[in-house]
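Chemist: quick one, what's the 3D model for this:
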Amino acid sequence: MNKKTLVIIFIISFLIGPTITLTQNYKQETAFSISILVLEDSRDRIEIASYLTEIFENIGVGVTNFDVKSKSDISQRTWSYPMIDYDYIPIYQNGGYDIIFLGKEWGLDLNIQGLYDTAAITPDGDNFYQYSNPTYDAVLNAFIEELEPFEQLNRAEILQKFLFEDQPDISISYLKEMFCYRNESYNVDPTLLLKRNHRSEYWNSSTDSKLIYSQPDEFSNFNCFRIEYDQFNDPINSDALWSQCVYASLFQRGQGHHNWEPVIAQNYSAILKPSNIINLTVDINSNATFSNGESVLAEDIVYTYQLHLTPDVNSSAYDYLTDWFLSNSSISIKDVDRVEFLVSQPYSHHLKLLSFGIIDKSEIEPLVSLYGYDIFNDAPFSVDINDSLVTSCGPFKMKDYNQSDQTVRLIPNEFWFGPTPHFDEINFLRIQDKNLVLQKFIDNQVDIIDSKYYLKYSDIENISDMIPVYSKSFFTEIIAVNMKHPVLGTGELTPIGTPEAAKLIRKGISHAIPRQYISDVLIKDNAIPGVTSIPDGCVGFSEYLEPRRFDIELASDFMSDGGLSDFPFNPFENYQILKEEQKELLITFSTIFSLLGCSFITMLVIFSRRKK
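Modeler: This next block holds a predicted model:
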């Protein structure tokens, strides 16, 4: 062997060393690998994530880590990431995440601000996806400032198209909740009922004039100032069932369509002033009347809202309303039947501010003067207040509130100015045990069973006369994607090297999800395939978009279009080497393989000399 040959071998051993080390541990069929986080609060979710891990391998996506973690653990990698080592949420290996399986809850309103807009990217907001699209941001701003409801719905449609196309999160399924009715629907809208925005004036029956409704929670919130609200400002507790029948408001959700419609209000105007204050002027329906025969006047509206804004009343709506009304002077009388509301800033759901039940000032103001604000802690029909705090301007009025028996009895309000109620009596009961409530249903002592028992179809399938009725969904199972991930988000480490390539890869993953099978088999009972993270219960949900179909071949095509048709090593690992340890590793690799090359050459020289 001559010296020239030895030199060539030495150079080759030096050059190929790093390349061999980067590729030798990866299977050819795996395009890239990710780490999966799963929020631990759902067995179904863990099963779904595990199932999809196997499917993802069919399109070249390997899984390096599969971690089921608590919300606090995941928080440290997402919305509470400390921003010390990085000024953004990095990939999983660096303390952030690649993808996360989790659930997302929504309200009736499409409360989308602060979730996907650039200004809300963590740590400035809840956009832990780190999704940024200037066109989306512009449409969102127009959505927030739009005061015309139908035009707002059009903008909501556009926003959902962006999310469907860009997929900062990938929807898997929508989860519904189940009510149980006897024989018929009773014309009860289950979605409004779930969110305690029901319209009892439309409830009816072909056979009964009395309705018995059972739910499992305590009745203890005695009036409209004590009704509790969820994070989306929808009423949630048991007392909201009866209060929605008793207290009418300026605007309420429409039966079936769920858009806002006037009830106590006759009409309104909304103007966004140059100062960014919304001026809402509301005219009162001249037919609106309390159950004592007194007309509903502007002073009743103003007094109701000013009580909510008074700290000593301790209204459960105080925090929400004071976000939008700066003081009591924000609500004022303009005429005997006209009220002006000054909303402090643009608000896409401004009509929700006009959805609080109205009380009769002439009944309550003298009681406050006599007994102070403690009267709001008294149960209906107590000595000091009798039924004054439940004076009705809704379709029903309260006949009895029995704390010991935990029953509330309603009868029609003879002064109600809307559609005549069908039922002569509605009884709301508290029965805690689900087996007991099922037995009472069998014994004809209950007509409607609330969703809060969380019954499964298997619990009721053998009970005659029972009909399961499902609400629309307010909960979505999703896969959140880190839009800073070099393959899934930015696309910088795909062969194409563009965000568009990453989008194609996300679409490939989405088409690899068998949503119908997951909904029917893994979740069962109460799930349907998801479209975007926004579920079908939200007002403004797109009726035009459809779930991406399960198609492995199509999924593979999208992966190929994203540049992953022939990608034999893990770019994620390569990204780590290039971004963090390039110099050190290359020096190490070069040294090791140079030494190996030298050893190889030495052995050849020795062998050559012995041969001679």
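
Chemist: what residues of the helix or strand in which L367 is found count as buried?
Modeler: L367 belongs to helix 361-371 when assigned by DSSP states H and E. The neighbour-count check on helix 361-371 (16 or more other C-beta atoms under 10 Å) flags K361, S362, E363, I364, L367, V368 as buried. (C-beta placed from N, C-alpha, C; glycine too.)

Chemist: give me the distance from it to the chain's centre.
Modeler: Put simply, helix 361-371 sits 41 Å off its chain's centre (C-alpha atoms, centre = their mean, to the nearest Å).

Chemist: which strands and helices lie in contact with the helix or strand just after that helix?
Modeler: Sequence order places strand 396-402 as the next helix or strand after helix 361-371, per DSSP H and E. Contacts of strand 396-402 with other secondary structure elements, assessed using 3 or more C-beta pairs under 8 Å, 6 or more residues apart in numbering; DSSP states H and E, are made with helix 239-246, strand 407-412.

Chemist: of all the ones you listed, which one is nearest T490?
Modeler: With respect to T490, and counting by C-beta to C-beta, the nearest of the helices and strands packed on strand 396-402 is helix 239-246 at 45.7 Å.

Chemist: and the closest one, how far out from the chain middle?
Modeler: Averaged C-alpha coordinates place helix 239-246 at 25 Å from its chain's average position (C-alpha atoms, centre = their mean).

Chemist: and that helix, what does it pack against?
Modeler: Judged by 3+ C-beta pairs under 8 Å, 6+ apart, the packing partners of helix 239-246 are strand 396-402, strand 407-412, strand 425-430.

Chemist: name the surrounding residues that touch that helix.
Modeler: Counting by C-beta atoms under 8 Å, 6 or more residues apart in numbering, the neighbours of helix 239-246 from elsewhere in the structure are 196-198, 200, 213, 215, 219-224, 226-228, 235, 357, 390, 392, 394-398, 408, 410, 413, 426, 428.

Chemist: you'd agree K69 is up against S35?
Modeler: No - counting by C-beta atoms under 8 Å, K69 sits too far from S35 to count as a contact (11.3 Å).

Chemist: so what's in contact with the two at the same time?
Modeler: Both K69 and S35 lack any common contacting residue under the criterion C-beta under 8 Å, 6+ apart.

Chemist: got the helices and strands packed on helix 239-246 as CSV, with distance to L493, mean neighbour count and mean pLDDT columns?
Modeler: Output for those, formatted as CSV (distance: least, C-beta to C-beta, whole Å; neighbours: other C-beta atoms under 10 Å; pLDDT from 0 to 100):
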stretch, distance to L493, mean neighbour count, mean pLDDT
strand 396-402, 63, 19, 97
strand 407-412, 62, 21, 98
strand 425-430, 58, 20, 98
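
Chemist: closest one to D166 among these?
Modeler: Ranking the helices and strands packed on helix 239-246 by distance to D166, with C-beta to C-beta as the measure, places strand 425-430 first at 45.0 Å.

Chemist: which is the next helix or strand following the closest one?
Modeler: Next in sequence after strand 425-430, counting helices and strands by DSSP H and E, comes helix 434-442.

Chemist: which elements pack onto the helix or strand following that following helix?
Modeler: The element immediately downstream of helix 434-442 (helix or strand, assigned by DSSP H and E) is strand 448-449. For strand 448-449, the helices and strands in contact under the criterion 3+ C-beta pairs under 8 Å, 6+ apart are strand 178-182, strand 210-215, helix 434-442.

Chemist: mind checking which of those is nearest G103?
Modeler: Go through those one by one with C-beta to C-beta and the one that ends up closest to G103 is strand 178-182, at 17.6 Å.

Chemist: and the helix or strand just after the closest one, what does it pack against?
Modeler: Of the helices and strands lying after strand 178-182 in sequence (DSSP H and E), the nearest is helix 190-194. For helix 190-194, the helices and strands in contact under the criterion 3+ C-beta pairs under 8 Å, 6+ apart are strand 178-182.

Chemist: what strands line up against the strand it packs on, and which way round?
Modeler: Each strand paired with strand 178-182, and its direction, by DSSP bridges: strand 448-449 (antiparallel), strand 466-470 (antiparallel).

Chemist: sorry, back to before: make CSV out of the buried residues of helix 361-371 and add pLDDT and distance to I449.
Modeler: As requested, those are exported to CSV (pLDDT from 0 to 100; distance: C-beta to C-beta, whole Å):
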residue, pLDDT, distance to I449
K361, 98, 38
S362, 97, 39
E363, 97, 35
I364, 97, 35
L367, 97, 37
V368, 97, 39
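
Chemist: could you dump the helices and strands packed on strand 448-449 to CSV with mean neighbour count?
Modeler: Conversion of these to CSV gives the following (neighbours: other C-beta atoms under 10 Å):
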stretch, mean neighbour count
strand 178-182, 21
strand 210-215, 20
helix 434-442, 17
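
Chemist: turn those into TSV, including distance to N402.
Modeler: Converted to TSV, the helices and strands packed on strand 448-449 look like this (distance: least, C-beta to C-beta, whole Å):
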stretch	distance to N402
strand 178-182	23
strand 210-215	14
helix 434-442	17
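
Chemist: contacts for stretch 138-154, please.
Modeler: Identification of contacts with stretch 138-154 by C-beta under 8 Å, 6+ apart yields 112-113, 116-117, 155-156, 158-159, 162, 259-260, 270-272, 278, 346-348, 350-351, 539-540.

Chemist: do me a favour and average the pLDDT over that stretch.
Modeler: Along stretch 138-154, the predicted local confidence has a mean pLDDT of 95.

Chemist: that one: how far from the chain's middle?
Modeler: Using C-alpha atoms, centre = their mean, the mean C-alpha position of stretch 138-154 is found 20 Å from that of the whole chain.

Chemist: and what of stretch 350-368?
Modeler: Distance, stretch centre to chain centre, for stretch 350-368: 30 Å (C-alpha atoms, centre = their mean).

Chemist: pull the CA atoms of it into PDB?
Modeler: Taking C-alpha atoms only, stretch 350-368 is exported to PDB below (Å, rounded to 0.1, in the frame of the first residue of the first chain):
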ATOM      1  CA  HIS A 350     -71.600  43.300  24.200                       C
ATOM      2  CA  LEU A 351     -75.200  42.000  24.100                       C
ATOM      3  CA  LYS A 352     -74.200  39.500  26.800                       C
ATOM      4  CA  LEU A 353     -73.900  42.500  29.100                       C
ATOM      5  CA  LEU A 354     -77.600  43.000  28.600                       C
ATOM      6  CA  SER A 355     -78.600  39.400  29.600                       C
ATOM      7  CA  PHE A 356     -78.900  39.800  33.400                       C
ATOM      8  CA  GLY A 357     -82.300  39.300  35.000                       C
ATOM      9  CA  ILE A 358     -84.200  42.500  36.000                       C
ATOM     10  CA  ILE A 359     -85.800  43.200  39.400                       C
ATOM     11  CA  ASP A 360     -88.500  45.600  40.500                       C
ATOM     12  CA  LYS A 361     -87.000  48.700  42.100                       C
ATOM     13  CA  SER A 362     -90.200  49.600  43.800                       C
ATOM     14  CA  GLU A 363     -90.100  46.300  45.700                       C
ATOM     15  CA  ILE A 364     -86.400  46.100  46.600                       C
ATOM     16  CA  GLU A 365     -85.300  49.700  47.300                       C
ATOM     17  CA  PRO A 366     -87.400  50.000  50.400                       C
ATOM     18  CA  LEU A 367     -86.200  46.700  51.700                       C
ATOM     19  CA  VAL A 368     -82.500  47.700  51.200                       C
END
